[in-house]
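Trainee: sequence plus predicted model, see below.
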Amino acid sequence: MAANRAFDVVIWGATGFTGRLVAEHLARDYKSGVKWALAGRSKERLEKLRLELSEQYGGEVKEVPILVADLRDQASMDGMAAQARVLLSTAGPFALIGSPVVAAAVRSGCHYVDITGETPWVKQVIAEHHEEAAQKGLRIVPCCGFDSTPFDLGALLVIDHLKKRYGKQAARVLNVVLGSKGGVSGGTIASGMNAFAEMKQRPELREDAGSVYSLCPPEARGADGEFWGVQWSQELGKYLGPFVMQACNNRVVHRSNYLLGWAGNDFRYQESVAAKSWMAAKSIQLGTLAVVAAMSQTWLHPLLKKVLPAQGEGPSRDIMLNGFFKNRVLAWSKEEGGAAPLLVQAEVGDPHRDGGYWGTSRMLLEAALCLALQQKELDASPEVQKGGVLTPASAMGMLLVERLRKAGMTFKILEEGQAAA
Ligand SMILES: NC(=O)c1ccc[n+]([C@@H]2O[C@H](COP(=O)([O-])OP(=O)(O)OC[C@H]3O[C@@H](n4cnc5c(N)ncnc54)[C@H](OP(=O)(O)O)[C@@H]3O)[C@@H](O)[C@H]2O)c1
């Protein structure tokens, strides 16, 4: 990557709900030490945003440069990307408008992060750019928001602990959402609807969209599957139902397993939501399946759009700043000859902010800053990949965990044998 770039981070899609939050974190918490720019398709909307940010966070934001580019004009996209160490994108639906942005990053030699949860699109990005990005030493990292950072880094945390403390590999990881509170944005709803619409129109996207290995090459595929049932967890003393975002997260975690060589093809990963009773877990299961079924009916989309938040809208500040999420991550060691496995548990979450938007925008920003400002440490680390289309764990690993801890998130190994929450 070219060393001399005008900006550490360029925010593409800064005028959107989540993009604006990223800019706010920079304006509020990184008043010096980071060179950044606001980017998008509309000079007018970007100038309005910059004015509002400067009124809210101080006059120096008035000096933040604005870069205008057009997805249909390759030269303008390349011109923007060529000024960045890291191009950070919050402009979605990614399957509709994300590809020219990644292509510009790879052509212009900058790292890239985004918050897509659209794994059929990520699969396409891997096919188109993994080889070139690996050769050029560029880290292209989709899924750096709530999907899938806390889940991917949660798996890394317990697997890393098993390895370093006990010299053991993990046979299985279970990521359980113990609780969460937050809202949803119109952009997320539009992206979800678009993902179903695209799959209907393009059979090639459907091909292995249901496989937890859809982001792994054929030689890295085993017999793991999704969890859509209800089960009792002895360790947590709770019933478990399915977690809807497993459809993104378990593909990302399996790619991390492949890229980092955690545990080979028989590695098992499950994501669930904890419930107080069998009935509550059953309701979660039926509710989740009903939401997925409704979203998959494209004829329902115009109706749903009338009652759900529009693009550009999202949860109120009150909802985001009084939100939280708390996950429990469990890993069982791989043992030979029927020996009892070791169990390691960790807590991952944020006790004070929602994961979906405040959390997502912070996780994304910290990922971008990790790539921009800690490149030497990343390049020297044997625990992360040097280039390619990567995952949060395989691109930044424990360096990103450290940054997120400093930003207020919890990544904590619980004492072995500690009782459930
Ligand atoms: N992974 C996660 O946990 C997570 C969390 C939150 C959001 N997301 C995803 O992030 C994305 C954004 O969500 P959001 O709620 O912030 O959306 P949003 O408010 O609708 O913002 C979308 C942004 O994309 C820009 N954009 C749209 N069409 C464009 C085009 N043709 N050319 C250039 N820019 C264009 C918009 O620019 P204008 O202002 O010029 O229209 C705006 O800046 C969605 O895909 C959502 O699913 C993921």
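Mentor: Yep, it's here. Numbering: from 1, shown residues only.

Trainee: where exactly do the strands run in this protein?
Mentor: 7-12, 36-40, 66-68, 84-89, 111-114, 139-141, 170-181, 231-233, 238-242, 268-275, 324-333, 343-350, 388-389, 410-413 (DSSP state E).

Trainee: partners of the fourth one in the sheet?
Mentor: This points to strand 84-89. Applying DSSP bridges to the sheet, strand 84-89 is found paired with strand 7-12 (parallel), strand 111-114 (parallel).

Trainee: that strand vs the ligand: in contact?
Mentor: No - residues of strand 84-89 are not located near the ligand by CB under 6 Å from any ligand atom, the shortest gap being 8.6 Å. The C-beta positions use only the backbone N, C-alpha and C, and glycine is treated the same way.

Trainee: list the buried residues of that strand.
Mentor: 84-89 (16 or more other CB atoms under 10 Å).

Trainee: do stretch 202-213 as well
Mentor: 205, 208, 211-213.

Trainee: can you check stretch 113-130 too?
Mentor: In stretch 113-130, counting by 16+ other CB under 10 Å, buried: 113-126, 129-130.

Trainee: same check, this time on stretch 277-285
Mentor: 280-281, 284-285.

Trainee: quick revisit: got the strands of the chain as CSV, with distance to L404 columns?
Mentor: Shown next, in CSV, are these (distance: least, CB to CB, whole Å):
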stretch, distance to L404
strand 7-12, 16
strand 36-40, 19
strand 66-68, 27
strand 84-89, 16
strand 111-114, 14
strand 139-141, 14
strand 170-181, 16
strand 231-233, 26
strand 238-242, 25
strand 268-275, 19
strand 324-333, 13
strand 343-350, 9
strand 388-389, 22
strand 410-413, 7
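
Trainee: turn the ones you listed into TSV, columns for mean pLDDT.
Mentor: Below are the strands of the chain laid out as TSV (pLDDT from 0 to 100):
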stretch	mean pLDDT
strand 7-12	98
strand 36-40	98
strand 66-68	98
strand 84-89	98
strand 111-114	98
strand 139-141	98
strand 170-181	96
strand 231-233	96
strand 238-242	97
strand 268-275	97
strand 324-333	97
strand 343-350	97
strand 388-389	98
strand 410-413	97
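
Trainee: so which of those strands gets nearest D152?
Mentor: strand 170-181 (9.3 Å; CB to CB).

Trainee: each with direction, which strands does that closest one pair with?
Mentor: strand 268-275 (parallel), strand 324-333 (antiparallel).

Trainee: does S277 touch K238 like I think?
Mentor: No - at 9.1 Å, S277 does not count as touching K238 under the criterion of CB atoms under 8 Å.

Trainee: residues from the stretch 151-300 of the chain in reach of the ligand?
Mentor: 185-188, 191.

Trainee: next: the stretch 1-150 of the chain.
Mentor: Counting by CB under 6 Å from any ligand atom, the stretch 1-150 of the chain sits next to the ligand at 13, 15-19, 40-42, 45, 71, 90-94, 97, 115, 117, 145-147.

Trainee: now those residues: which count as buried?
Mentor: Looks like these have 13, 15-19, 40-41, 45, 71, 90-94, 97, 115, 117, 145-147 buried, using 16+ other CB under 10 Å.

Trainee: in the stretch 101-250 of the chain, what residue is nearest the ligand?
Mentor: G187 (2.0 Å; CB to the nearest ligand atom).

Trainee: do the same with the stretch 201-350 of the chain
Mentor: Q311 (3.6 Å).

Trainee: OK, contacts around that residue?
Mentor: Listed by CB atoms under 8 Å, 6 or more residues apart in numbering, the contact partners of Q311 are 16, 186-187, 190.

Trainee: residues in contact with the nearest residue to it once chain neighbours are set aside?
Mentor: Excluding its sequence neighbours, the residue lying closest to Q311 (CB to CB, 6 or more residues apart in numbering) is G186, at 4.3 Å. By CB under 8 Å, 6+ apart, G186 lies in contact with 17, 308-314.

Trainee: and for E132?
Mentor: V106.

Trainee: thinking again about what came up before, turn the contacts of G186 into CSV, including pLDDT.
Mentor: As requested, these are exported to CSV (pLDDT from 0 to 100):
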residue, pLDDT
F17, 95
L308, 82
P309, 81
A310, 83
Q311, 84
G312, 85
E313, 87
G314, 89
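
Trainee: for D224, give me its contacts.
Mentor: 212-213, 250, 254, 267-269.

Trainee: rerun that using 7 Å as the cut-off
Mentor: Residues in contact with D224 (CB atoms under 7 Å, 6 or more residues apart in numbering) are 212, 268-269.

Trainee: quick one: list the elements packing against the lowest-mean-pLDDT helix or strand in the chain.
Mentor: For the chain, counting by mean pLDDT, DSSP states H and E, helix 203-206 ranks last in confidence among helices and strands (a mean of 76). Applying 3 or more CB pairs under 7 Å, 6 or more residues apart in numbering; DSSP states H and E, one finds that helix 203-206 contacts helix 186-201.

Trainee: so for the helix it packs on, what gets flagged as buried?
Mentor: 186-199.

Trainee: pull it out as PDB, backbone CA atoms only.
Mentor: Extracted in PDB, the C-alpha atoms of helix 186-201 (Å, rounded to 0.1, in the frame of the first residue of the first chain):
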ATOM      1  CA  GLY A 186     -34.300   1.900   7.300                       C
ATOM      2  CA  GLY A 187     -31.000   1.200   5.600                       C
ATOM      3  CA  THR A 188     -30.800  -2.200   7.300                       C
ATOM      4  CA  ILE A 189     -34.300  -3.100   6.300                       C
ATOM      5  CA  ALA A 190     -33.700  -2.000   2.700                       C
ATOM      6  CA  SER A 191     -30.500  -4.200   2.600                       C
ATOM      7  CA  GLY A 192     -32.400  -7.200   4.100                       C
ATOM      8  CA  MET A 193     -35.200  -6.800   1.500                       C
ATOM      9  CA  ASN A 194     -32.700  -6.300  -1.300                       C
ATOM     10  CA  ALA A 195     -30.800  -9.500  -0.300                       C
ATOM     11  CA  PHE A 196     -34.000 -11.600  -0.700                       C
ATOM     12  CA  ALA A 197     -35.000  -9.800  -3.900                       C
ATOM     13  CA  GLU A 198     -31.500 -10.400  -5.500                       C
ATOM     14  CA  MET A 199     -31.600 -14.100  -4.500                       C
ATOM     15  CA  LYS A 200     -34.900 -14.500  -6.200                       C
ATOM     16  CA  GLN A 201     -33.600 -12.900  -9.400                       C
END
